[in-house]
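Visitor: predicted model, plus sequence, below.
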Amino acid sequence: MKELLIAKNYLNSIGIERAEVGFVLGTGLSNLLNYVKIKQTIPYTEIPGFCASTVEFHKGNLVYGTIENKNVLVMQGRFHSYEGYSMQQIVFPIRVMKLLGVKYLFLSNAAGGINLNFKKGDLVLIDDHINLQSGNPLTGKNFDELGSRFPDMNEPYHPDLKNALLQKANKLKIDLKKGVYAVVNGPNLETKAEYRYLKIIGADMVGMSTVPEVIAANHANLPCTAISVITDECDPENLKLVNIEEIIAIAAKADEKLSKLFAETIEDL
């Protein structure tokens with residue numbers, strides 16, 4: 001807890017306080033900042049306990065500002081296990097957000113579509129997940145100040161927040177699908193046989209992030225929700241080579257809808 005409190009106190013000291021809503025933006029997803037009246041942008045490397053984001057398409061900034069009348073904290077990029085970071089390092093910012101007063105957490109990611117009904121550019125609300133990563137952010141000494149030793153994961157994605165997004169999407173005429181997200185270690189993409197396996201066990205999409213943060217949020221009683229942007233179609237019978245530039249372009253195009261959905265949803269919270 002000491003390191004968490006040091007980070008929290010540092011951010012308080014530079015004027016970041018009374019945060020209400022937190023966001024974690026995934027690969028190629030940053031359009032939400034167009035809705036934010038930015039007060040401060042702090043590189044992760046300046047915040048005690050935060051890691052450096054090493055992924056090319058993750059900016060590595062914590063942005064503080066407002067959307068309408070709500071104070072927001074936006075993680076412009078996240079940390080992944082494939083970067084060599086521990087689960088505790090990955091979820092460190094989520095725990096700091098909780099200490100700063102964040103009441104709702106919205107997450108996004110780019111994912112491969114296993115469900116053949118999902119196409120490139122689709123937005124999919126994560127209804128549940130399958131954790132296939134090694135390690136768990138709750139391993140080790142429990143932080144009793146944040147949550148219990150054995151948090152329940154019956155509804156890891158908060159029903160009220162999911163419903164709020166679905167209702168707002170319907171109002172905005174945005175097609176928001178629902179699905180189960182499987183998380184793997186990465187950074188390599190999956191083989192044909194692995195895609196078949198993921199489909200058999202009930203996954204609709206697959207990615208390399210988000211679940212550790214969701215586990216930490218649930219542990220800290222921080223209501224959260226998440227949306228995946230489908231950036232590639234993972235049909236093992238018609239698998240094509242993945243072009244990272246194309247993935248980023250697809251994510252950026254879908255991000256316009258996603259960011260509008262997020263911004264307008266939190267206005268009603």
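Guide: Structure's in. What do you need? Residues are numbered from 1 along each chain as shown.
Visitor: mind naming the longest helix for the chain?
Guide: In the chain, assigned by DSSP state H, the helix with the most residues is helix 244-267.
Visitor: contacts for that one?
Guide: 21, 23, 26-32, 34-35, 57, 67-68, 70, 72, 104, 106, 108, 110, 120-123, 164-165, 168-169, 172, 174, 176, 227, 229-232 (Cβ atoms under 8 Å, 6 or more residues apart in numbering). In short, each C-beta sits where N, CA and C put it, glycine included.
Visitor: check which residues of it are buried.
Guide: Across helix 244-267, burial judged by 16 or more other Cβ atoms under 10 Å covers 247-248, 250-252, 254-255, 257-266.
Visitor: likewise for stretch 28-42?
Guide: 28-33, 35-36, 42.
Visitor: cool, and stretch 195-213?
Guide: 195, 197-199, 203-213.
Visitor: neighbours of the closest residue to Ile38 other than its chain neighbours, just the number please.
Guide: Using Cβ to Cβ, 6 or more residues apart in numbering and skipping the chain neighbours, the partner closest in space to Ile38 is Gly65 (4.2 Å). Using other Cβ atoms under 10 Å, Gly65 has 17 neighbouring residues.
Visitor: with only the CA atoms kept, save the helix or strand containing Gly65 in CSV.
Guide: For Gly65, the enclosing helix or strand under DSSP states H and E is strand 61-67. What follows is strand 61-67, C-alpha atoms only, in CSV (Å, rounded to 0.1, in the frame of the first residue of the first chain):
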residue,chain,number,x,y,z
ASN,A,61,0.3,9.5,-20.4
LEU,A,62,-2.2,10.0,-17.6
VAL,A,63,-4.6,12.7,-18.7
TYR,A,64,-6.7,14.7,-16.2
GLY,A,65,-9.6,16.8,-17.2
THR,A,66,-13.3,17.0,-17.5
ILE,A,67,-16.0,15.6,-19.7
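Visitor: need the buried residues of stretch 28-42 in JSON lines (columns: secondary structure).
Guide: Formatted as JSON lines, those follow (DSSP: H, G, I helix; E, B strand; the rest coil):
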{"residue": "Gly28", "secondary structure": "coil"}
{"residue": "Leu29", "secondary structure": "coil"}
{"residue": "Ser30", "secondary structure": "coil"}
{"residue": "Asn31", "secondary structure": "helix"}
{"residue": "Leu32", "secondary structure": "helix"}
{"residue": "Leu33", "secondary structure": "helix"}
{"residue": "Tyr35", "secondary structure": "helix"}
{"residue": "Val36", "secondary structure": "coil"}
{"residue": "Ile42", "secondary structure": "strand"}
